[in-house]
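# Quick one, what's the 3D model for this:
(2 chains)
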Amino acid sequence: MTSSAFDGERTRDWAGRFAESVYATEAELTALDQQAGDGDFGANLAAGVRAAGPLLDRVEASAGPAEYLGALATAFLDEVGGTSGPLFGLLFQAMGRAAGPGPELTTQALREGTAEGLAAIRRVGDASPGDKTLVDALAPAADALGAAGEAPPADALAAAAEEAWRGVRETASQAARMGRASYLGERATGVPDPGAVGIALFFSSAVGTVRSLAPRLGGD
Amino acid sequence: MARYFENGAGQLVADALSGFARAHADLVRYDAADGFVTARHTAPARRVGLLSGGGSGHEPLHAGYVGTGMLDGACPGRVFASPHNRQIFRASRAVARPGGVLHIVKNYTGDRINFGIAAERLADAGIACARVLVDDDLATDSEDIAAGRRGTGATVLLEKVLGAAADTGMGLDGLVELGTGLAGRCRTLAVASAAHHAPATGEPAFVLPPGELEYGVGIHGERAARTREQATVGELVEEMTDALLKALRPGSQDSVVALVNGLGSVTSLELYGVFGELGRVLDARGVRLARHLVGDYVTALDMRGFSLTLMAADRATLDFYDAPVHTPALRW
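Residues are numbered from 1 along each chain as shown, chains lettered A, B, ... in the order given. Below is the predicted model of the structure:
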């Protein structure tokens, strides 16, 4: 893993790989959401990264990470319907705020931003870990960043991604308490939460592009 | 001919809002691009902007209560769908005053989440924001319902009282305390003899057997917990009023404010009959009826039904209630 600075350009590349990962897995996300929700999550996530494209392109080349995260936040908050997509926007908003005006994204800023994003999402959605929501991927990711100490940002994000995927796999055995999936009760058991998958895709994209969900959902 | 008079599928809300803005151009301004209505004239002493919103189909709620002495703004969503957080965020910025902005939110998951996302964005933008949650529906008062009681008719009463309080220069914390306390002293029950018709299909949301009615119905076509045989309006109103009084237990210093509300296609003839029965029951129970409203204030498209809301009110609440108001749908 490289230890070079996580600057604006690398943040832009992260956002670009997130878009590629979402497009590559949109059909799988939709299939998951058709089993556990109302089937629009894949399309909503894709709408978010699609709306983010032109905003990211407009950020000046010399800009720091905060501006790219801010562009992602605006796209997801303003342009995505439903509620899950805008909740991703709250995570990006908090991460952008924590990144501050500096030229680099530090592990400390990632830790603070992810923790604050998690707190904001929990305030809004009233979801706790175990409720089979995106919190079940975001909380372990935040914990991993919390335990990352002085590790380089890319290493800390790789650890966060691993923990997020572990959280995703755990949602498969949970019964939903929130959202549309809650009306299905036990029928949604066995299916991982699509929102949690979206969070794992985001952290994974910091270090690579995800082409297919199947290997990630199947186990270690 | 389709049941609804409209220009095309999905056009009802946008067309109504343009017409509404023109009809009440002296009182409100409609931002069509961002989808919210704001008041043209607000008391100079007001330090906190008041914003509400929710799905359309409940007219005159919410835009009808935008104006002097009540709401500073309202965000209508699509029919029976929460407004988007973007609408709420932008409307909040438009109506925020030096003391911030207060969201008056009916207790529905979508509204709670979208107003909540907007509140997080406002915090990020450095604008103070707080919420009063309206949850007056007695029919959903059960430990088995994790989402809590729904918000219905009491919204109008809370918006009126909070508007008058805001006009005195009351700050955000004071308004939250007043509104939350008052929300706890309001309860509503609704009955329907026929469901609303969905604009998209023209079909009724549910069909009742002849001679039966839904007792405890919601304002989006949610079925009640029970269907019961029809009764005389006197018997029905007595049962509803006693249930409301049992839940509210107004104190000896309290009187009640009553809202007899049509849900869309109940006649004025019937509503005044309901009000007469309500007055009779309150008199018999020794409860003083201090103020009342009779008419269509919070509707559910064309549902044939009515709701009764009682608010236990002390002298200070009545003073706020009596303060002048000038909005498209409420004026004194």
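
# mind listing the helices for the chain?
Reading this off chain A. Using DSSP state H, the helices of chain A run over residues A:8-36, A:41-58, A:65-79, A:84-99, A:107-125, A:135-146, A:153-171, A:194-204, A:214-217.

# please go with chain B instead
Using DSSP H, helices in chain B cover B:12-23, B:85-95, B:109-124, B:154-167, B:172-183, B:233-248, B:268-285, B:315-322.

# Which one of these lies nearest to chain A?
Checking the helices of chain B against chain A by CB to the nearest CB gives helix B:109-124 as the closest, at 3.6 Å. In short, each C-beta sits where N, CA and C put it, glycine included.

# near chain B, which residues of chain A?
Contact residues, chain A versus chain B (CB under 8 Å from any CB of the partner chain): A:77-79, A:81, A:83, A:86-87, A:89-90, A:93-94, A:97, A:120, A:123-126, A:177.

# related to what we said a few turns ago, could you dump the helices of chain A into a markdown table with mean neighbour count added?
Below are those laid out as a markdown table (neighbours: other CB atoms under 10 Å in any protein chain shown):
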| stretch | mean neighbour count |
| --- | --- |
| helix A:8-36 | 20 |
| helix A:41-58 | 20 |
| helix A:65-79 | 24 |
| helix A:84-99 | 26 |
| helix A:107-125 | 22 |
| helix A:135-146 | 25 |
| helix A:153-171 | 23 |
| helix A:194-204 | 29 |
| helix A:214-217 | 14 |
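
# got CSV for those, with distance to residue B:82 too?
Formatted as CSV, those follow (distance: least, CB to CB, whole Å):
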stretch, distance to residue B:82
helix A:8-36, 19
helix A:41-58, 15
helix A:65-79, 15
helix A:84-99, 11
helix A:107-125, 13
helix A:135-146, 21
helix A:153-171, 25
helix A:194-204, 18
helix A:214-217, 31
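
# out of the ones you listed, nearest to residue B:35?
Comparing these against residue B:35 with CB to CB, the closest turns out to be helix A:65-79 (12.2 Å).

# pull the CA atoms of that closest one into CSV?
Below are the C-alpha coordinates for helix A:65-79, written out as CSV (Å, rounded to 0.1, in the frame of the first residue of the first chain):
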residue,chain,number,x,y,z
PRO,A,65,-10.0,16.9,-0.9
ALA,A,66,-12.7,18.9,0.7
GLU,A,67,-14.0,20.3,-2.5
TYR,A,68,-14.3,16.9,-4.2
LEU,A,69,-16.1,15.5,-1.1
GLY,A,70,-18.3,18.6,-1.2
ALA,A,71,-19.2,18.0,-4.8
LEU,A,72,-20.2,14.4,-4.0
ALA,A,73,-22.3,15.7,-1.0
THR,A,74,-24.2,18.3,-3.1
ALA,A,75,-25.0,15.7,-5.8
PHE,A,76,-26.3,13.1,-3.4
LEU,A,77,-28.2,15.6,-1.2
ASP,A,78,-29.7,17.6,-3.9
GLU,A,79,-30.2,15.3,-6.8
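
# name the helices or strands packed onto that helix?
With contacts taken as 3 or more CB pairs under 8 Å, 6 or more residues apart in numbering or on different chains; DSSP states H and E, helix A:65-79 sits against helix A:8-36, helix A:41-58, helix A:84-99, helix B:85-95.

# which of the helices of chain B is buried the deepest?
Ranked by average neighbour count under the criterion mean count of other CB atoms under 10 Å in any protein chain shown, these are headed by helix B:154-167 at a mean of 26.

# Look up how far residue A:157 lies from the closest residue to chain B within chain A.
Nearest to chain B, among the residues of chain A, is residue A:124, at 3.6 Å (CB to the nearest CB). As judged by CB to CB, to the nearest Å, residue A:124 and residue A:157 stand 24 Å apart.

# Could you do residue B:19 as well?
The value you get for residue B:19 to residue A:157, if CB to CB is used, is 52 Å.

# returning to what we had before: could the helices and strands packed on helix A:65-79 go into CSV alongside mean pLDDT and distance to residue B:264?
Output for the helices and strands packed on helix A:65-79, formatted as CSV (pLDDT from 0 to 100; distance: least, CB to CB, whole Å):
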stretch, mean pLDDT, distance to residue B:264
helix A:8-36, 94, 34
helix A:41-58, 96, 32
helix A:84-99, 96, 31
helix B:85-95, 98, 24
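
# Flag every residue of chain B that's near chain A.
Contact residues, chain B versus chain A (CB under 8 Å from any CB): B:84-86, B:89, B:110, B:112-114, B:116-117, B:119-121, B:124, B:146.

# tally of neighbours for residue B:2?
Neighbourhood size, residue B:2 [other CB atoms under 10 Å in any protein chain shown]: 11.

# My error: substitute residue A:208 in the last question.
12.

# same thing with the one 4 residues further on?
Applying the criterion other CB under 10 Å, we find 11 residues in the vicinity of residue A:212.

# doesn't residue A:27 make contact with it?
No. Using CB atoms under 8 Å, residue A:212 makes no contact with residue A:27, being 10.1 Å away.

# returning to what we had before: how confident was the prediction at the residue of chain A closest to chain B?
Residue A:124 carries a pLDDT score of 95 in this model.

# Can you give the domain ranges for chain B?
B:12-184, B:186-321 (automatic domain parsing).

# Turn the ones you listed into TSV, including distance to residue A:199.
Listed next are these as TSV, based on distance: least, CB to CB, whole Å:
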stretch	distance to residue A:199
domain B:12-184	16
domain B:186-321	31
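
# Which of these sits closest to residue A:10?
With respect to residue A:10, and counting by CB to CB, the nearest of the domains of chain B is domain B:12-184 at 23.8 Å.

# Now the terminal residues of that closest one, how far apart.
34 Å (CA to CA, to the nearest Å).

# likewise stretch B:287-302?
32 Å.

# That stretch - what's its average pLDDT?
On average, stretch B:287-302 scores 97.

# Which residue would be the closest one in the stretch 151-300 of chain B to chain A?
Using CB to the nearest CB, the closest approach of the stretch 151-300 of chain B to chain A is made by residue B:222 at 12.9 Å.

# residues touching that residue, list them.
Contact partners of residue B:222, counting by CB atoms under 8 Å, 6 or more residues apart in numbering or on different chains, are residue B:150.

# What distance do you get for it to residue B:213?
Computed as CB to CB, the residue B:222 to residue B:213 distance reads 15 Å.

# most centrally placed residue in chain B?
A centroid search over chain B (CA atoms, centre = their mean) returns residue B:155, at 3.4 Å, as the residue closest to the centre.
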